[in-house]
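S.K.: structure, please.
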Amino acid sequence: QWSIMRQALTLTVVAVLTARAASTPVRGNADGQHTASNICGSNATIGQAVVGSFNASYPGLEKFAMAVKAGDLGLACEELVEYYRTGSSGSWLRWVPPANFTRNSTRRVGGETDRILEDVYFLSGVTETAKIPRNADGGLDWYDTGPRKDVEFMNCLNRHDQWTKLMQAWHQTGNPIYTQHFNALVIDWVTHLPCRSGVSRAGWDAPGQFDKPCPTGTMESPWRVLEAGIRTVGPWASCFFGTLASGEVSTSARALMLLGFSEHVAVIAGPGREARTPNWQMTQWAGLITTCVAFPELQNATDYLNAAFDALTGLLNDQVYPDGMETELAFGYDMMTANDFLTAMELLNHTTSMAAPAAYRDRVEKMFEYGVYISDQRGFAPRNGDADLSRSGWSGTAHTLFGRNDWLYVHTAGKNGTRPAGDSPSVAFPWGGHVALKSSFDAGGLWAWFDFGKAYGSSGHAHRAKLSLTLRRNGTMLLVDSGRFAYQGTGLPVTLNREYERTTHAHNTLTLDGKEQLASPALTTVAVPPSEWAFETESDYVRGAWSGWDGLEGNATHRRAVYHWREGGWLAVVDQVLSPTAPRHVQATWHAHPNATLTLDPTTLVTQVHGVDIEDTTRHGPGSCAVIPATGAAAARFGQASVVRGVVQNATTNTSWQGWYSQTYMGACPASTSVYTGVVPPAGSPTSPRSNSDGRGSGNDGSNLALGAGSFTFGWLITTSGTEGVPAEIGSMEIVAADAAGVQAVITVGGEARTLKLPFDAPASSASSSPRQHTLS
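M.R.: Next comes the predicted model:
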């Protein structure tokens, strides 16, 4: 019998209830009339599910309890909705129309929001705009995977960002068309995608099963725990309370939304629902905390709240390093989880039952400290791991909460706030292993990001990019990370995500014998010791090493040191390959943005880059750089170099993907990349150079006798200019001595020569010594 009823319901539910909402005033309208009927009264299964989700003994729900006791499910839902309309729950989310608010306006906001009314959605998570098809019963196809057949499209569709846009448009204009459409979407989604029936696609057709959570949460589905957490942290709670003043949102829609909150609790907190990755878990528990604080009337809300915060505190301790870096080591996900932790802490301000411990607060503060300080002078974040180009390191909410005016100074390039203490604007995060070298806090300064960490990362969002270096100057992107492309679906971005994005040769570092770095260890239990960096008034010095290679025969270590002369705006980069028993085929890569101009001198092998404006990457910025291979008696050199762009993998010709870039999700553009191969050791070493023609990992990389068989040192001088029309100077770097203990080099830029001594193996006693000891000038 219920199956027959459901068929009738699903064929008419959207049209009938939407029409009713538009024509029949809900309780609380200006005329005070009641809705003639609602879905709780017409559908006992749904009515029982709604009333069974709330604690009828909660103070203020006396009228609701009386209706439940009388068996009047329709009246019970009216009383429940009226309680929320006039009550104080979710006070921070409630919206009170201002005095000048005009109801029944015909004004429109246009753009993306108005296209939602035509079922055309822009999904920022996949950077895709598409028309969502409708099913035979008139409801949206919430399982649609978009034009690229990407399940991530479906996931983003079910995050309900569009609900927030509709609410905001109503707040802005007073036009009921937006809340009418919101009303229809709520009814459509909850009635078509229940998560209490035992099977997520089955609908409300299992009487007596409504209290059994659906078996989803770890697979791709609208009820995956990540989406459940995103909905409850964001649009669901804000839209429920933000539309309570609307006469177009029906009692049925509000009751269904309240039922939906109960369903979300069941999914998020149900047995075996713990998400598979740390950032998912953080979103999961933040969603549960949001729901329980905003709706304390839900059954067992206090118990769920305590359990959720305990779980979140455990995650904070386990998944965030003491320096504030999240263990996934992917900036976009680092800051997403930081905001989830912050949201949870803020939410506790709205309940008297508990407060965030001081240790929790301190660790969250560290996360935002990392986000602010690691970003460049224009506020743009690094793009390590899966991260789009963004300013997500800054949070005005966090700045206000923690009162950190040094953050404001860094974020505004010294225009506001208080200058941080210390002689150098550069900063190191030794647990996660990231360094930002800065010539100044000024917006025109140099910014270089360097990875000297000990761990790969705790999820698949990390990249095999240890010792990689990216570079910006005066708001210009010069040397870049290749990006994240697309996770799911079909087409080139997905292929590049799986076969190129995470590889070592997609980054500005080295590969040995054509082998990529190991994607392990996932975590580190120790920080990089302070002896590995020194930041001073005039210069910075940092070094790192990596010995894990995927499939490499024998042992080999890549050591890289970076010296930054602040006033001159240049970097001296020293690479040392230690291979005790065998020579190695070495490849070095330097990647530029697709819209940058990259040239390579075939004689000197100097790469010059005129980069792109980070604010508008369709045009050149004022900055430029030159990557100049080192010379000198102790320097190995590369026998050949070439510029590649958009190379497609081909097993027959032994070529690999190279020269690709993704600025946002689903992006895939050819990008010029300088590829250096065929290392020739210093004079006097027994070598017989050879090279392959594929532009990837070639040459007989002989030995520097001072280091042992198969080992050698080479380097790069990277000069920069931040002035439009003034290219970076072609200086020189001469390596005059090199052994396992360190390197001595002479740098000449602008007619000035400086002698550097850059140690690799300083004595243990030097770990706490003066940071200036590593240079002689």
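
S.K.: ramachandran angles for the closest residue to P420 other than its chain neighbours?
M.R.: The shortest distance from P420 to any residue other than its chain neighbours is 4.5 Å, reached at D406 (C-beta to C-beta, 6 or more residues apart in numbering). Quick note: C-beta positions are derived from backbone N, CA and C, even for glycine. Backbone dihedrals for D406, given as degrees, to the nearest 10, come out at phi -70, psi -30.

S.K.: how many neighbours does D406 have?
M.R.: Burial of D406, expressed as a neighbour count using other C-beta atoms under 10 Å, amounts to 16.

S.K.: Y143 too?
M.R.: By other C-beta under 10 Å, the residues close to Y143 number 17.

S.K.: on the three-state scheme, the residue nearest to it when sequence neighbours are not counted is what?
M.R.: When the adjacent residues along the chain are set aside, Y143 lies closest to M154, with 5.9 Å between them (C-beta to C-beta, 6+ apart). Per DSSP: H, G, I helix; E, B strand; the rest coil, the local secondary structure of M154 is helix.

S.K.: quick one, what contacts M154?
M.R.: The contact partners of M154, by C-beta atoms under 8 Å, 6 or more residues apart in numbering, come to W142, Y143, D144, T145, G146, E220, P222.

S.K.: just L312 next, same as before
M.R.: With the criterion set at C-beta under 8 Å, 6+ apart, L312 makes contact with M282, W285, A286, I289, F341, A344.

S.K.: residues near the second one, how many?
M.R.: Counted with other C-beta under 10 Å, the neighbours of W285 add up to 30.

S.K.: tell me the phi and psi of it?
M.R.: W285 has phi and psi values of phi -70, psi -30 when expressed as degrees, to the nearest 10.

S.K.: equivalent analysis for the one 5 residues further on, please.
M.R.: Geometry field for T290 lists phi and psi as phi -60, psi -50, criterion degrees, to the nearest 10.

S.K.: with H610 instead?
M.R.: When quoted as degrees, to the nearest 10, the phi and psi of H610 stand at phi -100, psi 110.

S.K.: how about the helix or strand hosting Q281 as PDB, C-alpha atoms only?
M.R.: Q281 belongs to helix 278-294 when assigned by DSSP states H and E. Once side chains and other backbone atoms are set aside, the C-alpha atoms of helix 278-294 remain, and they are given as PDB (Å, rounded to 0.1, in the frame of the first residue of the first chain):
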ATOM      1  CA  PRO A 278      41.400  13.100   7.900                       C
ATOM      2  CA  ASN A 279      39.900  16.100   6.200                       C
ATOM      3  CA  TRP A 280      36.700  14.200   5.600                       C
ATOM      4  CA  GLN A 281      36.500  13.300   9.300                       C
ATOM      5  CA  MET A 282      37.000  16.900  10.300                       C
ATOM      6  CA  THR A 283      34.200  18.000   8.100                       C
ATOM      7  CA  GLN A 284      32.100  15.100   9.300                       C
ATOM      8  CA  TRP A 285      32.400  16.000  13.000                       C
ATOM      9  CA  ALA A 286      32.100  19.700  12.400                       C
ATOM     10  CA  GLY A 287      28.800  19.000  10.700                       C
ATOM     11  CA  LEU A 288      27.600  17.000  13.600                       C
ATOM     12  CA  ILE A 289      28.600  19.700  16.000                       C
ATOM     13  CA  THR A 290      26.900  22.400  13.900                       C
ATOM     14  CA  THR A 291      23.700  20.300  13.900                       C
ATOM     15  CA  CYS A 292      23.700  19.500  17.600                       C
ATOM     16  CA  VAL A 293      24.400  23.100  18.700                       C
ATOM     17  CA  ALA A 294      21.800  24.600  16.300                       C
END
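
S.K.: tell me what that helix is packed against?
M.R.: Contact here means 3 or more C-beta pairs under 8 Å, 6 or more residues apart in numbering; DSSP states H and E; on that basis helix 278-294 packs against helix 225-233, helix 235-242, helix 251-269, helix 301-319, helix 331-347.

S.K.: ok, T397 - contacts?
M.R.: Contacts for T397 (C-beta under 8 Å, 6+ apart) come out as L342, E346.

S.K.: also K515?
M.R.: Counting by C-beta under 8 Å, 6+ apart, K515 makes contact with W549, D550, G551, L552, G697.

S.K.: how many other residues sit next to N650?
M.R.: Around N650 there are 11 other residues, counting by other C-beta under 10 Å.

S.K.: quick check: bridge partners of it?
M.R.: The residues paired with N650 through beta bridges, assigned by DSSP bridges, are T655.

S.K.: let me know the pLDDT of it.
M.R.: N650 is assigned 92 on the pLDDT scale.

S.K.: residues touching A269, list them.
M.R.: Residues in contact with A269 (C-beta under 8 Å, 6+ apart) are L288, Y304, A307, A308.

S.K.: if you could redo that for G444, that was the one I meant.
M.R.: Q377, R473, N474, G475, G722.

S.K.: again, 6 Å this time
M.R.: In this structure, G444 makes contact with N474, G722, judged by C-beta atoms under 6 Å, 6 or more residues apart in numbering.

S.K.: check the secondary structure at it for me.
M.R.: When the rule is three-state DSSP, G444 gets the label coil.

S.K.: so how far is D423 from it?
M.R.: G444 sits 20 Å away from D423, going by C-beta to C-beta, to the nearest Å.
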